[in-house]
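Engineer: predicted model and sequence below, questions to follow.
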Amino acid sequence: MLTSDEQEWIKAWVRTQYPTDPPDLTRLSEIHIAAYRVIALTLGVEWCERIVKPLVNVSGSDFLRRGIASNDESLRHVDRVIYLAEYLTCLAPVPNFHAKVEDLRKKGLEETFYELRVAYALQRKGCLVKFVAPSGVKGEDFDLEARLEGDSLPVEVKCVTDEPNYTAKLLHNRLKKASSQLPKTGRGVIFVMLPAAWIIMDDFQQETTRTTESIFRNFSRVNAICFHWEEWTDGPPYGRFLRFSSALNKSPKVRLANIERLFQTMPHPPEGTRQFIEISYI
């Protein structure tokens with residue numbers, strides 16, 4: 001599926017990531033190339049050719065098929081390709097997985113990618129998950145259902161990185177809509193992907209705290225809200241951190257045992273480590 005020139009580009013890109021202490025470059029290159037094959041097997045060669053393959057030496061902004069004119073663009077392209085292949089592999093047995101494959105073909109890539117990312121993260125936390133078929137009925141039209149300590153946990157996923165400008169009202173309206181898609185009986189969680197630029201804006205944290213508190217007051221069905229955003233480090237080697245900030249409803253309609261464990265991080269820094277970058281994740 002990949003031409004010899006494209007495979008050589010992948011190998012060369014990996015080499016630029018480790019200019020002083022190269023690891024097993026052949027192995028890393030094989031991982032990148034294998035990811036394309038996984039995606040092609042799941043979504044078809046034509047889709048992979050059109051949507052995923054790199055545009056070498058061309059600037060671009062597509063979520064998956066990015067122009068590869070800089071290390072920054074290359075990092076995002078390779079990172080997303082590898083993780084999409086990981087999600088497709090690990091989530092294939094999940095009920096209604098075929099619907100997410102169709103969403104990748106027909107809907108916004110970034111939105112569906114984030115749904116897969118949340119499902120994958122919950123799965124790694126030990127939750128059984130399934131994708132919920134759209135119903136168009138308020139209170140029943142959430143994206144995922146997870147099992148936490150034996151309890152059903154409806155999950156609504158929102159991706160707002162396409163918004164050009166932040167306003168507190170915009171975020172409140174997105175959360176309000178997400179809340180209405182969760183069951184009135186309670187036991188619901190909302191995950192939201194945000195632009196990284198919003199996080200550093202003046203008053204964002206205070207305004208968002210007030211927003212989440214307002215949602216909790218008016219929608220007791222919501223047990224928790226989790227905000228995600230990406231941070232990309234300078235390099236080489238380059239790296240992407242998926243950070244998060246979570247808020248728990250102190251007075252939910254239904255209390256869920258151990259819901260806090262969904263939002264816990266590993267202890268850090270690891271013992272004996274001289275240099276360590278904090279990574280937050282679910």
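Structural biologist: Cool, the structure landed. Computed from a predicted structure; not experimentally measured.

Engineer: now Ser246: closest residue in space, sequence neighbours ignored.
Structural biologist: Phe263 (4.0 Å; CB to CB, 6 or more residues apart in numbering). C-beta here means a position set from N, CA and C on the backbone, and glycine is covered the same way.

Engineer: what pLDDT is listed against the one you found?
Structural biologist: For Phe263, the pLDDT comes out at 85.

Engineer: quick one: contacts for it?
Structural biologist: Under the criterion of CB atoms under 8 Å, 6 or more residues apart in numbering, the contact list for Phe263 reads 224, 226, 244, 246, 248, 282.

Engineer: state the pLDDT value of the fifth one.
Structural biologist: pLDDT, Leu248: 94.

Engineer: next, it: phi, psi?
Structural biologist: Backbone torsions for Leu248, taken as degrees, to the nearest 10, come to phi -110, psi 140.

Engineer: nearest residue to it other than its sequence neighbours?
Structural biologist: Ala224 (4.9 Å).

Engineer: next, the buried residues of the host helix or strand of that neighbour.
Structural biologist: If you go by DSSP states H and E, Ala224 is part of strand 222-233. For strand 222-233, the neighbour count (16 or more other CB atoms under 10 Å) marks 222-229 as buried.

Engineer: taking these together, which two end up most distant?
Structural biologist: Largest separation among the buried residues of strand 222-233 by CB to CB: Asn223 and Trp229, giving 21.4 Å.

Engineer: in the stretch 151-282 of the chain, which spans are helices?
Structural biologist: Listed in chain order, the helices found in the stretch 151-282 of the chain under DSSP state H, counting those that start in this stretch are 168-180, 196-199, 204-218.

Engineer: columns mean neighbour count on top of those helices, output as JSON lines?
Structural biologist: Output for the helices of the stretch 151-282 of the chain, formatted as JSON lines (neighbours: other CB atoms under 10 Å):
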{"stretch": "helix 168-180", "mean neighbour count": "17"}
{"stretch": "helix 196-199", "mean neighbour count": "14"}
{"stretch": "helix 204-218", "mean neighbour count": "16"}
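
Engineer: rank these by pLDDT, which is bottom?
Structural biologist: Taking the mean pLDDT of those, helix 196-199 comes last: a mean of 90.

Engineer: give the other helices and strands that that one contacts.
Structural biologist: strand 222-233 (3 or more CB pairs under 8 Å, 6 or more residues apart in numbering; DSSP states H and E).

Engineer: quick one: distance of the strand it packs on to the chain centre.
Structural biologist: 9 Å (CA atoms, centre = their mean, to the nearest Å).

Engineer: hang on, the earlier thing: from the contact counts, what lies against the strand holding Ala224?
Structural biologist: Short answer (3+ CB pairs under 8 Å, 6+ apart): strand 222-233 packs on helix 71-91, strand 188-193, helix 196-199, helix 204-218, strand 239-248.

Engineer: quick one: closest of the ones you listed to Tyr166.
Structural biologist: That would be helix 196-199 among these, by CB to CB, at 4.7 Å.
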